[in-house]
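K.L.:
quick one: sequence and predicted model below, then my questions.
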Amino acid sequence: MKSTSASPLPASLERLVNRLQQASTPKQRYEYLLWLAKRLPPFPETE
């Protein structure tokens, strides 16, 4: 599915969208989102 907004998505975001669209079940999409979240750097500590 192509982006319908006036500005195209960045290539990295387009890949994420395509990957989520290819997942055949909600569970697969959920597991992919969890995998992505684990790869994020931790939030900085607040004082």
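P.N.:
It's in.

K.L.:
count the neighbours of residue 34 for me.
P.N.:
By other Cβ atoms under 10 Å, 9 other residues sit near residue 34. (Glycine included, C-beta is placed from N, CA and C.)

K.L.:
repeat that for residue 35.
P.N.:
Using other Cβ under 10 Å, residue 35 is surrounded by 9 other residues.

K.L.:
which of the helices or strands spans residue 32?
P.N.:
Per DSSP states H and E, residue 32 falls inside helix 26-39.

K.L.:
quick one: low-confidence ranges for the protein?
P.N.:
Scanning the chain with the threshold set as pLDDT under 70 gives 1-6.

K.L.:
so how far is residue 46 from residue 17?
P.N.:
Distance of residue 17 to residue 46, computed by Cβ to Cβ, to the nearest Å: 32 Å.

K.L.:
quick one, which of these two is more surrounded?
P.N.:
Taking neighbours as other Cβ under 10 Å, residue 17 and residue 46 compare with residue 17 leading, 14 against 4.

K.L.:
surely the more buried one meets residue 9?
P.N.:
Yes. Applying Cβ atoms under 8 Å, one finds residue 17 in contact with residue 9, separated by 6.8 Å.

K.L.:
now do the contacts for the residue nearest in space to the middle of the chain.
P.N.:
Residue closest to the average C-alpha location in the chain (Cα atoms, centre = their mean): residue 16, at 4.4 Å. With contact taken as Cβ atoms under 8 Å, 6 or more residues apart in numbering, residue 16 is in contact with residue 36.

K.L.:
start the count at 783, not 1, going forward
P.N.:
Taking 783 as the first residue, the last one we looked at is residue 798.

K.L.:
report the angle between the one helix or strand it maps to and helix 808-821.
P.N.:
According to DSSP H and E, residue 798 maps onto helix 793-804. Between the axes of helix 793-804 and helix 808-821, defined by axes from the mean of the first three to the mean of the last three Cα atoms, to 10 degrees, the angle is 150 degrees.

K.L.:
export helix 793-804 as CSV, just CAs?
P.N.:
Output of helix 793-804 as CSV, limited to C-alpha atoms (Å, rounded to 0.1, in the frame of the first residue of the first chain):
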residue,chain,number,x,y,z
ALA,A,793,12.6,4.9,3.3
SER,A,794,13.1,3.5,6.8
LEU,A,795,9.6,4.2,7.8
GLU,A,796,8.2,2.8,4.5
ARG,A,797,10.1,-0.5,5.2
LEU,A,798,8.5,-0.7,8.7
VAL,A,799,5.0,-0.1,7.3
ASN,A,800,5.6,-2.7,4.6
ARG,A,801,6.8,-5.2,7.1
LEU,A,802,3.8,-4.7,9.3
GLN,A,803,1.4,-5.0,6.3
GLN,A,804,3.1,-8.3,5.4
